[in-house]
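> coordinates for the following, if possible.
(one chain, ligands or ions: 1)
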Amino acid sequence: MKLPRVKLHNQILIGLLLGVFFGAIFSINPHKIVIRTASGEELVSNWSEITFLKDSMPQIVFYSNEQTQIIKFSKGFISSSEHFSRNVLVKYPDGSSKVFYQITAIDKVKTIGVMLKPIGDIFIRLLNMIAIPLVLASLIVGAASLSDLKNVAKIGGKTISFYLMTAIIAITAGLVIANLIQPGHFMPEENKEKLLVAFQEEARSKIEQNVSINVVDFIVNIVPRNPFAAIANGDFLPIVFFSIMIGVFLTQIPQKKSQPVINFFEGISEGLIFMVGKIMYIAPYAVFTLIAATVAEFGFNILQSLLLYTITVIIGLLFITFIEYPTLLKIFTKIKVKDFFSTQKKVIAVAFSTSSSAATLPVTMEICEKNLGVPNKIASFVLPLGTTINMDGTALYQAVAAMFIAQVYGFDLNITQQITIVITAVLAAIGTAPVPGIGLITLIVILRSVGIPEEGIALIIGVDRLLDMCRTVPNVIADSLACVVIAKSEGELGPIKLET
Ligand code: ASP
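Residues are numbered from 1 along each chain as shown. So this is what the prediction gives:
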């Protein structure tokens with residue numbers, strides 16, 4: 001008997017679900033750690049208390065359910081203390097105890113759940129490998145096929161306005177939800193202190209990256225001094241600017257000269273999209289290993305102290321994905337919501353498992369052109385631009401996170417400060433690269449703009465990985481949405497093709 005063939009997007013979703021189960025089954029034991037010292041390593045399990053000692057004086061005590069905090073704290077403790085004073089006292093429930101002297105590392109005990117991750121890493125690298133040349137080639141072709149500067153400005157203007165609108169709605173929704181639920185007012189003082197200490201080192205390293213948003217610098221920096229340096233560094237906005245300029249001005253020179261160049265980039269762009277189609281065959285396995293590793297490694301204990309905050313962000317993300325976007329889809333196009341989402345399955349699975357809109361871009365491009373009926377000249381213009389400047393999920397997350405941190409610190413943000421959050425979050429979303437974890441770093445700028453202590457990011461780092469996966473999903477869905485909306489407004493939207 002011949003078994004029915006499972007469609008690729010369903011295979012990917014099955015990979016995702018199985019990854020969750022596999023990761024949960026082979027999850028890292030939260031009650032086991034390996035303590036490494038100059039004289040070797042020892043497995044420590046079922047401790048009741050772990051006390052970090054500096055010069056024999058207790059510095060901080062962690063309890064049995066605080067594995068993540070212990071590991072995070074140990075990193076800063078080891079790097080900032082003299083080796084002779086890096087000692088740890090472990091107490092067990094039966095009253096016995098042991099001191100480990102001169103510790104060099106504290107780690108989780110790895111399981112098969114995380115060991116398969118290199119397969120997923122190769123998948124992400126393959127997609128990232130495609131993303132920059134694809135943005136370059138497709139934008140050159142896209143801008144050239146819009147034929148003149150006026151057309152580019154018209155579509156560019158529509159695209160940017162649409163993205164600004166969705167970002168402002170997302171941030172406002174985030175602020176409203178955070179004001180209604182008030183997640184920061186329910187955090188016990190003890191949890192706050194613990195999180196601030198445990199994640200202080202990681203917070204410091206992010207703050208040291210010293211990101212800032214200055215509108216004038218921001219605009220100036222869109223123009224690359226050296227486009228090859230921008231390409232090498234993966235600076236999306238300067239690449240977008242450079243590619244649009246080439247595309248537009250290629251149309252102004254004799255066709256005999258411009259056509260071979262356009263054909264060349266068209267060939268690259270089509271070749272890359274074809275390559276994505278092939279790479280997607282390993283997606284079910286890659287997604288499986290990525291999700292399994294994340295679930296296996298995720299410190300669920302940390303989730304307990306940040307549950308209300310996590311739920312608040314997720315409610316916001318669900319709102320924009322399943323209420324705002326369908327509403328806009330209905331207003332601006334005739335596409336059925338069910339059909340639109342059914343074309344987005346692959347995009348959602350890849351965004352969720354890679355946490356990167358840039359890595360997802362090649363897939364979004366393939367789906368928009370093949371399934372959503374968007375012509376290449378619009379998809380190749382709107383999507384790279386969207387991937388770069390449009391991050392609704394991230395913007396919403398930042399609004400909630402800023403409110404949460406303010407609430408925990410006891411700050412009452414007035415309406416002017418909340419409007420400042422809206423403006424800074426829009427700029428932050430535009431100005432940052434579509435790569436994992438960047439939303440947490442640009443959050444620092446938002447906190448600074450309203451005077452919330454930036455060290456406060458230590459409070460939320462523990463769940464950032466999980467929320468990064470979740471926020472990347474609306475980031476990419478909004479790109480597909482913009483694509484169909486702009487195509488429709490230009491009268492260029494073809495029929496939708498559900499995957500066969
Ligand atoms: N991971 C997000 C993206 O690539 C950015 C972020 O929120 O950190 O879209």
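> which residues are in contact with stretch 100-108?
Here stretch 100-108 makes contact (CB atoms under 8 Å, 6 or more residues apart in numbering) with 28, 32-38, 42, 67, 70-71, 74, 78, 83-84, 86-90, 297. C-betas here are computed from N, CA, C, even on glycine.
> out of those, which are buried?
28, 33, 35-37, 67, 70-71, 74, 78, 86-90, 297 (16 or more other CB atoms under 10 Å).
> rewinding a little: among the contacts of stretch 100-108, which ones are in strands?
32, 33, 34, 35, 36, 37, 42, 87, 88, 89, 90 (DSSP state E).
> now the two most distant members of these.
Using CB to CB, the ones in strands among the contacts of stretch 100-108 reach their maximum pairwise distance at 32 and 87, which is 20.4 Å.
> circling back: which of the buried ones among the contacts of stretch 100-108 lies closest to the ligand?
When those are compared for distance to the ligand (CB to the nearest ligand atom), residue 297 wins out at 17.6 Å.
> is the closest one in contact with residue 28, as I believe?
Yes: Residue 297 is within contact range of residue 28, at 5.8 Å (criterion: CB atoms under 8 Å).
> what do those two both touch?
108, 113, 114.
> who wins on neighbours among these?
In terms of neighbour count, residue 113 stands highest of the shared contacts of residue 297 and residue 28 at 23 neighbours, by other CB atoms under 10 Å.
> quick check: that residue vs the ligand, distance?
22 Å (CB to the nearest ligand atom, to the nearest Å).
> which residues sit in contact with that residue?
Contacts of residue 113 by CB under 8 Å, 6+ apart are 22, 23, 25, 26, 27, 28, 292, 293, 295, 296, 297.
> sticking with it, tell me its helix or strand.
In this structure, residue 113 sits in helix 112-115 according to DSSP states H and E.
> so which bits of the stretch 301-450 of the chain are right by the ligand?
With CB under 6 Å from any ligand atom as the criterion, the stretch 301-450 of the chain comes near the ligand at residues 355, 356, 357, 391, 394, 434, 435, 436, 437, 438, 439.
> so the fourth one makes contact with residue 475?
Yes: with contact taken as CB under 8 Å, residue 391 and residue 475 are classed as touching, separated by 4.8 Å.
> redo the ones in strands among the contacts of stretch 100-108 as CSV? Include distance to the ligand and pLDDT.
CSV is the format used below for the ones in strands among the contacts of stretch 100-108 (distance: CB to the nearest ligand atom, whole Å; pLDDT from 0 to 100):
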residue, distance to the ligand, pLDDT
32, 30, 91
33, 28, 91
34, 30, 92
35, 32, 92
36, 31, 91
37, 36, 89
42, 37, 90
87, 37, 89
88, 33, 90
89, 38, 92
90, 36, 93
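> please export the C-alpha coordinates of stretch 237-252 as PDB.
Coordinates of each C-alpha in stretch 237-252 appear next as PDB, following Å, rounded to 0.1, in the frame of the first residue of the first chain:
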ATOM      1  CA  LEU A 237      19.700  49.400   5.500                       C
ATOM      2  CA  PRO A 238      22.900  50.600   3.600                       C
ATOM      3  CA  ILE A 239      22.600  47.500   1.400                       C
ATOM      4  CA  VAL A 240      19.000  48.300   0.700                       C
ATOM      5  CA  PHE A 241      19.800  51.900  -0.200                       C
ATOM      6  CA  PHE A 242      22.700  50.900  -2.400                       C
ATOM      7  CA  SER A 243      20.700  48.300  -4.300                       C
ATOM      8  CA  ILE A 244      17.800  50.600  -4.900                       C
ATOM      9  CA  MET A 245      20.100  53.300  -6.200                       C
ATOM     10  CA  ILE A 246      21.800  50.900  -8.600                       C
ATOM     11  CA  GLY A 247      18.500  49.500  -9.800                       C
ATOM     12  CA  VAL A 248      16.900  52.900 -10.400                       C
ATOM     13  CA  PHE A 249      19.900  54.400 -12.200                       C
ATOM     14  CA  LEU A 250      20.400  51.300 -14.400                       C
ATOM     15  CA  THR A 251      17.100  52.200 -16.000                       C
ATOM     16  CA  GLN A 252      18.500  55.700 -16.900                       C
END
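> in it, what counts as buried?
Those would be 237-248, 250-251, for stretch 237-252 by 16+ other CB under 10 Å.
> now those as a markdown table including secondary structure?
Listed next are the buried residues of stretch 237-252 as a markdown table, based on DSSP: H, G, I helix; E, B strand; the rest coil:
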| residue | secondary structure |
| --- | --- |
| 237 | helix |
| 238 | helix |
| 239 | helix |
| 240 | helix |
| 241 | helix |
| 242 | helix |
| 243 | helix |
| 244 | helix |
| 245 | helix |
| 246 | helix |
| 247 | helix |
| 248 | helix |
| 250 | helix |
| 251 | coil |
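> contacts only, for the residue of the stretch 301-450 of the chain found nearest the ligand.
At 2.8 Å from the ligand, residue 439 is the closest residue in the stretch 301-450 of the chain, using CB to the nearest ligand atom. Counting by CB under 8 Å, 6+ apart, residue 439 makes contact with 391, 394, 397, 398, 432, 468, 471.
> quick revisit: redo the shared contacts of residue 297 and residue 28 as JSON lines? Include pLDDT.
Converted to JSON lines, these look like this (pLDDT from 0 to 100):
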{"residue": "108", "pLDDT": "87"}
{"residue": "113", "pLDDT": "85"}
{"residue": "114", "pLDDT": "87"}
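> give me the PyMOL select line for the residues of the stretch 301-450 of the chain next to the ligand, limited to the buried ones.
Buried residues within those, by 16+ other CB under 10 Å, are selected in PyMOL with:
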select buried, resi 355+356+357+391+394+434+435+436+438+439
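> restricted to helices, list the residues of the stretch 301-450 of the chain next to the ligand.
Taking DSSP state H as the definition of helices, these contribute 357, 394, 438, 439.
> sort those residues by pLDDT and name the bottom one.
In terms of pLDDT, the weakest of these is residue 438, which scores 85.
> state the phi and psi torsions of the residue nearest to it when sequence neighbours are not counted.
Of all residues not flanking residue 438 in the chain, residue 432 sits nearest, at 4.9 Å (CB to CB, 6 or more residues apart in numbering). Backbone torsions for residue 432, taken as degrees, to the nearest 10, come to phi -110, psi 160.
> so which helix or strand takes in residue 275?
Using DSSP H and E, residue 275 sits in helix 255-279.
> show me what that helix packs onto, helices and strands only.
With contacts taken as 3 or more CB pairs under 8 Å, 6 or more residues apart in numbering; DSSP states H and E, helix 255-279 sits against helix 117-145, helix 236-250, helix 357-370.
> beyond the longest one, next helix or strand please.
What it means is helix 117-145. Assigned by DSSP H and E, the successor of helix 117-145 is helix 149-181.
> sorry, back to before: mean confidence score for the helix holding residue 275?
On average, the pLDDT along helix 255-279 is 93.
> hang on, the earlier thing: okay, the shared contacts of residue 297 and residue 28 in CSV with distance to residue 411 next?
Below are the shared contacts of residue 297 and residue 28 laid out as CSV (distance: CB to CB, whole Å):
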residue, distance to residue 411
108, 35
113, 40
114, 38
